[in-house]
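*Asks:* attaching a predicted model along with its sequence, questions to come.
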Amino acid sequence: MRLYLIRHAEAVELGAPGATRDFDRVLTAHGREQARALAEVFVKRQLPVDAVVASPLVRAHQTAVELLNVWQPAARVITCDYLAPERLKPGKLSDFLADIPGQRIAAVGHMPEIGYYLEWLLGAIEGSLPLAKAAVACVDFKNDPAKAAGKLQWLVTPEWFL
């Protein structure tokens, strides 16, 4: 299995018009550009994705939608509460992802949880792999995702593809 762990793209600050709750923060125009540019790099480099899973928060869901608009316009985002802030349960998230049809799954989440999950999958030191907004880490597994079972293939920030 291959997982692409993606931090959501740039979003408006809390308190901006329409963003009175953290849940409701939308992507900025730059954030939408980041997500589309990332998706286009996947296409250019022939990196197929079978499904996209996202946190239910607006900015993560919008990032996932922007990715799918390029990758698979007819596909729908799969929502997973384990990707939401303060809801991460690494083992349960791994079980959820393993049950999704396909072997190449993109998961869109938030810091610090998505970074912590990456570290858990690799057996890395906590706090050692923070992800920038719109960054992506590619992790391979011989079987299903599990603690310290992943092998990091690459990790890139938006500077690489913008």
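*Replies:* Ah, there it is.

*Asks:* which strands and helices sit next to the helix or strand of the chain with the lowest mean pLDDT?
*Replies:* Using mean pLDDT, DSSP states H and E, the weakest-scoring helix or strand in the chain turns out to be helix 158-161, at a mean of 88. Helices and strands touching helix 158-161, as assessed by 3 or more Cβ pairs under 8 Å, 6 or more residues apart in numbering; DSSP states H and E, comprise helix 29-44. The way it works is simple: take the backbone N, C-alpha and C, and place the C-beta from them, glycine included.

*Asks:* give me the buried positions along the helix it packs on.
*Replies:* Neighbour-count burial for helix 29-44, counted by 16 or more other Cβ atoms under 10 Å, picks out Gly31, Arg32, Glu33, Gln34, Ala35, Arg36, Ala37, Leu38, Ala39, Val41, Phe42.

*Asks:* leaving out chain neighbours, which residue sits closest to the second one?
*Replies:* What sits nearest to Arg32 in space, not counting adjacent residues and going by Cβ to Cβ, 6 or more residues apart in numbering, is Glu66, at 5.7 Å.

*Asks:* quick check, that neighbour in a helix?
*Replies:* Yes: Glu66 sits within a helix when classified using DSSP: H, G, I helix; E, B strand; the rest coil.

*Asks:* pLDDT wise, what is it at?
*Replies:* Note on Glu66: pLDDT of 98.

*Asks:* check which residues of stretch 104-124 are buried.
*Replies:* For stretch 104-124, a neighbour-count test (16+ other Cβ under 10 Å) marks 105-110, 112-122, 124 as buried.

*Asks:* how about stretch 15-34?
*Replies:* Of all the residues in stretch 15-34, those buried under the rule 16+ other Cβ under 10 Å are Ala19, Arg25, Val26, Leu27, Thr28, Gly31, Arg32, Glu33, Gln34.
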